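# using only what follows, build the 3D model:
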Amino acid sequence: MIGQCNLQSRIEKLIENRTFPRFSILVGPKGSGKKTFANWIRRCMGQNELTISYEAIDVKIDTIREIIQRSYKIVNPTIYIIPDADGMSNAAKNALLKVTEEPPNNAYFIMTLEDENNTLETIRSRGTVFYMDRYTPDEIMQYITEKYGSTAEDNVDIFRSICDTPGDADILAKCGVKSFYDYVQLVVDNIAEVSLANAFKIPSKVALKEDAEGYDLRLFWKAFMKVCTDKADVHSDPEDISRYGEAVLVTSMYLQKLRTKGINRSMLMDSWVLEIRVLWSMNRGLKNV
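This next block holds a predicted model:
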């Protein structure tokens, strides 16, 4: 496992002292390895004679209720991992309150979340929240080099500037680093030059729904910011530098909005296209192509 040294050390001490919490929440961005880390905890706990955990395959209310009922009946210590709980319904969250109020004698629960605010404050206050360590650029490159070899060596700068997690690196490598980055550069060069109709075709290559085909929207915007930053660095014209700098600020705000659970990505993308065009098209004629 790459990185997470500080968190590993903290968890190991808790397990060694037999003080690991009955209900814990593991928080980190998408692709940061939360499920991998939760299973690492399971293996470490298993060395202290805990049984193999039951891993929930979804967070539906019926599944949660089944897990809770089972947890009060087990004889041997057992770990229950509840992954990707950001989308859990309010009913399922309320059901979980029972195990935080009256913990089963032999059960440990580990919930994983991208955003801790996506669960009840009561659950957070009664459980223990662990935050995934932020990956360093060297740790990301170690992961990429070990997994992708020459692909990483040929695109080191892109990987370093766009990827915050191993999951980011996997997404980028899967979609094709060069083709992805070439497309982003094309967008930067043309978004304010083409007709409005063509500008709205930009999303056609970006995935605006979960599990849809296309470039990852978050990585697309991060790459857009990198291209703008690189262009600002090589321009001497203050207006160009300001234009690219403003685009980076605007895009960073849209990245923050993207974290909102259930947000309409299509509407968000359209709004971003319009805002960038307004920034870049003032006092400039648009070409109809």
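
# quick one: the longest helix along the chain to chain centroid distance?
Of all the segments of type helix in the chain, defined by DSSP state H, the longest one is helix 238-258. Relative to the chain's own centre, helix 238-258 is displaced by 21 Å; criterion: Cα atoms, centre = their mean, to the nearest Å.

# with stretch 36-51 instead?
24 Å.

# give me the buried stretch members for that stretch, please.
Across stretch 36-51, burial judged by 16 or more other Cβ atoms under 10 Å covers 37-42, 44-45, 50. All C-beta atoms are positioned from the backbone trio N, CA, C, and that covers glycine.

# what are the ranges of the helices in this structure?
5-16, 34-46, 61-71, 90-101, 121-126, 137-148, 150-154, 156-162, 166-175, 177-190, 196-199, 217-234, 238-258, 265-281.

# figure out which of the ones you listed is closest to residue 110.
Closest of the helices of the chain to residue 110 is helix 34-46, at 4.9 Å (criterion: Cβ to Cβ).

# was I right to think residue 223 contacts residue 178?
No: at 11.9 Å, residue 223 does not count as touching residue 178 under the criterion of Cβ atoms under 8 Å.

# the two: which is more packed in?
More crowded of residue 223 and residue 178, by other Cβ atoms under 10 Å: residue 223, with 25 against 11.

# for the more buried one, which non-adjacent residue is closest in space?
residue 184 (4.3 Å; Cβ to Cβ, 6 or more residues apart in numbering).

# contacts only, for that neighbour.
Neighbour list for residue 184: 220, 223-224, 227 [criterion: Cβ atoms under 8 Å, 6 or more residues apart in numbering].

# again, only using 10 Å
158, 162, 205, 215, 219-228 (Cβ atoms under 10 Å, 6 or more residues apart in numbering).

# if we can go back for a sec, lowest average confidence across the helices of the chain, which one?
Between the helices of the chain, the one with the least mean pLDDT is helix 150-154; it has a mean of 69.

# okay but residue 99 is in contact with residue 126, surely?
Yes: the pair residue 99 and residue 126 passes the contact test of Cβ atoms under 10 Å, sitting 9.3 Å apart.

# give the residues shared as contacts by these two.
22-23.

# okay, the two: which has more neighbours?
Legend: neighbour count by other Cβ under 10 Å for residue 99 and residue 126, higher for residue 99 (23 against 17).
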